[in-house]
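> have a look; sequence and predicted model below, questions after that.
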Amino acid sequence: MLCPFVWVDVTAYIRQNPPVKLITGTPMYTSYFGLQENPFNMTPDTRYLFLSRQHSEALNHLLYGINEKKGFMVITGGIGTGKTTICRTLLFLLDESIDTAFIFNSSISDIELLETINQEFGIPSGIQGKTRKGYIDDLNRFLLKNFTAGRNAVLLIDEAQNLSSSVLEQIRMLSNLETEKEKLLQIILIGQPELQELLASPSLRQLNERITVRYTLTPLNPCQERDYIRHRLAVASGDGNGTVHFTRWAYRKIYHYSRGIPRRINAICDRALLIAYSRNSGTISKKIIKEGAYDIGGSYLADETGSGDRRGYLLFIFVLIMLTFLLVVVVNKEALVEFFLQTDFLEWPR
């Protein structure tokens, strides 16, 4: 068991206990670059989890909340920042004494939520039938039996920003399942930033006040982005980075388009490797990254494939011209004043 809680070195743990390999499709460029599989697959894969400072802290916050039985925990982050991968990695890290229920379809009613929770925990329906009270009574008996056996129970709900107010209120009621000293069910809500706004609404004030562990996943910085790409190449090659080489300017261009969001990084790198393969090139240059970004489409990326560059460049030129003009006026102020005093504009030819 992980109790009493110790701040876990999740990187070392995963290296010593690698998750089960998933079977995925292999693109045509893998063998050309000395890779065993696609390093930039868009589906979450715990083997490729890059434990940046943010992701490591998110995992440790969740492990702390579960082991200390804090009750409610919330993890938020933008689209593509790695929330679902964090979910799956957490399930892999948990001790066998912890029962889990993972709900990824958040577009459900409150009664469907209770039914799904019981199904995930393997709780058979009682004699009271499929009613709200029946589901809750069955769940309560299961949790009490777990507690007596020294076990814990965790409920994870992904894409929680899509939950309705009535479902969130039902989740709050589930947090009332407790003993005199601790919670019987640990509830983790994982969602996009809109989840924070939803929980801050007056109608969900009671739920919001019960949340004791919170963490927000932020995008990778430029250094983390470079290490992220190298990490995925190393995992895919099995013994190094294969024969792929990204130039320094390529890394910078990737960050410019992706803004450090892992899902966007994957999409750009996958397309760049395909372009490089078609040209028999082992080097990923800035030009290839730019072409790959255009292939993907501007609306998917941070600033519509370079339009932000042009706007920024024009704005910079305009500001530079204005500053130059002001500098000329300040330096030659006396000469300009004397010129205007000696010039009779009324006598100028019309």
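Received it, and whenever you're ready, just let me know what you need. Numbering: from 1, shown residues only.
> going forward, measure contacts between C-alpha atoms and count neighbours the same way
Noted.
> so which residues of the stretch 51-200 of the chain form strands?
Per DSSP state E, counting those that start in this stretch, the stretch 51-200 of the chain carries strands over the ranges 72-77, 98-103, 152-157, 186-191.
> contacting residues for the residue nearest to the spatial centre of the chain?
For the chain, T81 is the residue whose C-alpha lies nearest the centre (Cα atoms, centre = their mean; 1.9 Å). Shown in contact with T81 (Cα atoms under 8 Å, 6 or more residues apart in numbering): L217, T218, P219, I261, P262, R263.
> out of the strands of the stretch 51-200 of the chain, which comes closest to T85?
strand 186-191 (11.1 Å; Cα to Cα).
> give me the contact list for stretch 155-162.
84, 87, 100-107, 117, 185-195, 198.
> at 7 Å instead, please
Applying Cα atoms under 7 Å, 6 or more residues apart in numbering, the contact partners of stretch 155-162 are 100-104, 106-107, 186-192, 194-195.
> ok, back up a step: mind putting the strands of the stretch 51-200 of the chain into TSV with mean neighbour count?
Putting the strands of the stretch 51-200 of the chain into TSV (neighbours: other Cα atoms under 10 Å) gives the following:
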stretch	mean neighbour count
strand 72-77	24
strand 98-103	18
strand 152-157	21
strand 186-191	24
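> okay, those strands in a markdown table with mean pLDDT and distance to E291 next?
Shown next, in a markdown table, are these (pLDDT from 0 to 100; distance: least, Cα to Cα, whole Å):
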| stretch | mean pLDDT | distance to E291 |
| --- | --- | --- |
| strand 72-77 | 92 | 29 |
| strand 98-103 | 92 | 38 |
| strand 152-157 | 93 | 38 |
| strand 186-191 | 93 | 32 |
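> nearest to L273, of those strands?
Distance to L273, taken as Cα to Cα, is lowest for strand 72-77 among those, at 27.8 Å.
> who's in contact with N152?
Taking Cα under 7 Å, 6+ apart as the definition, contacts of N152 comprise S97, I98, D99, N146.
> excluding chain neighbours, what is closest to L220?
G260 (4.4 Å; Cα to Cα, 6 or more residues apart in numbering).
> which of the three states applies to that neighbour?
Using DSSP: H, G, I helix; E, B strand; the rest coil, the structure places G260 in coil.
> my guess is it contacts D227, does it?
No - if you go by Cα atoms under 7 Å, G260 and D227 don't touch, sitting 11.5 Å apart.
> related to what we said a few turns ago, wait, which of the strands of the stretch 51-200 of the chain is closest to A267?
Between A267 and the strands of the stretch 51-200 of the chain, the tightest spacing by Cα to Cα is seen for strand 72-77, at 18.7 Å.
> now do the closest one: everything it contacts.
Contacts for strand 72-77 (Cα under 7 Å, 6+ apart): 65, 83, 186-193, 210-218.
> which strands border that strand, and is each parallel or antiparallel?
strand 186-191 (parallel), strand 211-217 (parallel) (DSSP bridges).
> domain assignment for the protein?
The chain breaks down by automatic domain parsing into domains covering 53-215, 222-300, 307-347.
> tell me which element K287 falls in.
Element membership for K287, per DSSP states H and E: helix 286-296.
> okay, now the unreliable bits of the stretch 101-250 of the chain?
126-129, 239-242 (pLDDT under 70).
> about what we covered before: could you check which of G260 and D227 has the larger neighbour count?
Higher neighbour count among G260 and D227: G260, with 24 against 14, using other Cα atoms under 10 Å.
> next, give phi and psi for that one.
Per-residue torsions, G260: phi 80, psi 10 (degrees, to the nearest 10).
> what's near enough to touch it?
By Cα under 7 Å, 6+ apart, the neighbours of G260 are P219, L220, N221, P222, E225.
> hmm, back to that, distance to M42 for the domains of the chain - can I get that in a markdown table?
Formatted as a markdown table, the domains of the chain follow (distance: least, Cα to Cα, whole Å):
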| stretch | distance to M42 |
| --- | --- |
| domain 53-215 | 9 |
| domain 222-300 | 7 |
| domain 307-347 | 26 |
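> who wins for proximity to F33 among these?
domain 222-300 (5.0 Å).
> next one: the closest one to chain centre, how far?
Its chain's average C-alpha position is 18 Å from that of domain 222-300, according to Cα atoms, centre = their mean, to the nearest Å.
> burial of Y251, as a residue count?
By other Cα under 10 Å, neighbour count at Y251 equals 21.
> that one sits in which helix or strand?
helix 248-258.
> send the alpha carbons of that helix over as PDB?
Taking C-alpha atoms only, helix 248-258 is exported to PDB below (Å, rounded to 0.1, in the frame of the first residue of the first chain):
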ATOM      1  CA  ARG A 248      17.100  24.200 -33.000                       C
ATOM      2  CA  TRP A 249      14.900  26.300 -35.200                       C
ATOM      3  CA  ALA A 250      12.500  23.400 -35.800                       C
ATOM      4  CA  TYR A 251      12.000  23.100 -32.000                       C
ATOM      5  CA  ARG A 252      11.300  26.900 -31.800                       C
ATOM      6  CA  LYS A 253       8.800  26.700 -34.700                       C
ATOM      7  CA  ILE A 254       7.000  23.700 -33.100                       C
ATOM      8  CA  TYR A 255       6.600  25.700 -29.900                       C
ATOM      9  CA  HIS A 256       5.400  28.700 -31.900                       C
ATOM     10  CA  TYR A 257       2.600  26.700 -33.400                       C
ATOM     11  CA  SER A 258       1.800  24.400 -30.500                       C
END
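> report the buried residues of it.
A250, Y251, R252, K253, I254, Y255, H256, Y257, S258 (16 or more other Cα atoms under 10 Å).
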